[in-house]
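Chemist: missing the sequence, but the structure's below:
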């Protein structure tokens with residue numbers, strides 16, 4: 001097999017500075033079994049002006065629809081391969097999703113929109129006003145009592161309130177955010193892995209890049225108008241795991257809609 005090199009580029013697509021480094025030997029690639037792909041895998045390729053002479057650029061992303069609405073066209077010519085969340089479930093690489101909507105008596109249409117999404121501080125005020133933590137707890141007890149859950153909130157204060165409400169009901173829960181020390185964060189996630197902690201509430205920390213396949217419940221207490229963000233939250237629960245047959249989504253703010261979520265999410269009638 002011919003030797004090769006791979007250019008690793010940063011996520012800031014507007015100023016790509018390739019850094020050449022070996023990431024794998026051909027022999028190890030031939031021995032490795034194919035791992036489950038991410039929820040959505042899209043690859044772009046280009047050649048010509050702007051690319052290294054005689055080489056191809058190939059980019060891979062789990063979120064081809066960017067929340068900042070910046071196009072990747074200036075960097076890549078077009079999509080050459082794509083797999084959707086639903087296709088990966090049908091192929092058995094990801095578990096299926098089941099969902100329950102828990103409608104709150106809250107008027108989200110009254111909230112302001114900034115940069116294409118709700119204002120977090122206003123979300124917090126509204127969710128606390130309708131006692132969202134208690135309703136989230138009730139939904140968990142009714143539909144996911146025997147599951148391990150990851151809970152998403154728009155603010156740190158709301159994540160803390162969610163965890164406190166669960167703990168008061170005798171359910172082991174913890175909260176973390178961007179200010180949580182690394183050692184503490186690792187300890188919390190280890191307890192989630194072992195099952196010592198049943199629910200981890202987080203604010204903008206575990207939305208992407210976090211992989212705990214044993215999670216089989218996702219609680220979305222974070223209304224959003226962003227389809228990529230919504231799918232990223234769902235994706236935290238779709239990994240396969242021994243004995244895991246599906247992931248239950250508790251959508252406590254009513255954002256589960258075909259235009260935002262995925263066709264794989266089947267809402268109860």
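Modeler: Good, I have the coordinates. Fair warning: this is a prediction, and the values are worked out from it, not measured in the lab.
Chemist: in the chain, which spans are strands?
Modeler: For the chain, the strands identified by DSSP state E occupy 6-8, 19-21, 41-46, 57-61, 78-83, 96-101, 113-114, 117-118, 149-152, 173-176, 199-202, 217-220, 246-251, in order along the chain.
Chemist: distance between the ends of stretch 95-111?
Modeler: Taking CA to CA, to the nearest Å, the first and last residues of stretch 95-111 lie 34 Å apart.
Chemist: what do you get for stretch 208-217?
Modeler: Across its full length, stretch 208-217 reaches 16 Å between end residues, using CA to CA.
Chemist: which other residues reach that stretch?
Modeler: Contact partners of stretch 208-217, identified using CB atoms under 8 Å, 6 or more residues apart in numbering, comprise 62, 95, 140, 144, 147-150, 189, 192-193, 195, 232, 236-237, 239-241, 244, 246-250. For glycine as for every other residue, the C-beta is placed from the backbone atoms N, C-alpha and C.
Chemist: which of those fall in helices?
Modeler: Of the positions in these, 140, 189, 192-193, 232 sit in helices, assigned by DSSP state H.
Chemist: circling back: report the buried members of the contacts of stretch 208-217.
Modeler: 62, 95, 140, 144, 147-150, 189, 192, 232, 236-237, 239, 244, 247-250 (16 or more other CB atoms under 10 Å).
Chemist: quick revisit: closest one to residue 89 among the strands of the chain?
Modeler: strand 96-101 (5.4 Å; CB to CB).
Chemist: buried stuff in that closest one?
Modeler: Along strand 96-101, these residues count as buried under the neighbour rule (16+ other CB under 10 Å): 97-101.
Chemist: any stretches of this protein with poor pLDDT?
Modeler: 1-58, 61-72, 75-76, 253-269 (pLDDT under 70).
Chemist: the domain parsing of it - what is it?
Modeler: The record, using automatic domain parsing to delimit domains, assigns the chain the ranges 6-83, 96-251.
Chemist: any chance of those in CSV, plus distance to residue 90?
Modeler: Compiled in CSV, those are given as follows (distance: least, CB to CB, whole Å):
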stretch, distance to residue 90
domain 6-83, 10
domain 96-251, 9
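Chemist: quick one: residues contacting residue 92.
Modeler: When contacts are counted by CB under 8 Å, 6+ apart, residue 92 touches residue 240.
Chemist: I'd like the distance between it and residue 177.
Modeler: Distance check for residue 92 against residue 177: by CB to CB, to the nearest Å, it reads 35 Å.
Chemist: any idea how far the closest residue in space to residue 96 that isn't next to it in sequence is from residue 237?
Modeler: Sequence neighbours aside, residue 246 is the residue nearest to residue 96 in space, at 4.6 Å (criterion: CB to CB, 6 or more residues apart in numbering). Distance, residue 246 to residue 237, using CB to CB: 9 Å.
Chemist: shared neighbours of those two, anything?
Modeler: With CB under 8 Å, 6+ apart applied, the overlap between the contact sets of residue 246 and residue 237 consists of 95, 97, 216.
Chemist: bridging residues for the second one?
Modeler: What it means is residue 97. With DSSP bridges as the criterion, residue 97 is bridged to residue 247.
Chemist: is it true that it touches residue 233?
Modeler: No: in terms of CB atoms under 8 Å, residue 97 does not count as a neighbour of residue 233; the distance is 11.3 Å.
Chemist: was I right about residue 95 contacting residue 242?
Modeler: No: with contact defined as CB under 8 Å, residue 95 and residue 242 do not form a contacting pair (11.5 Å).
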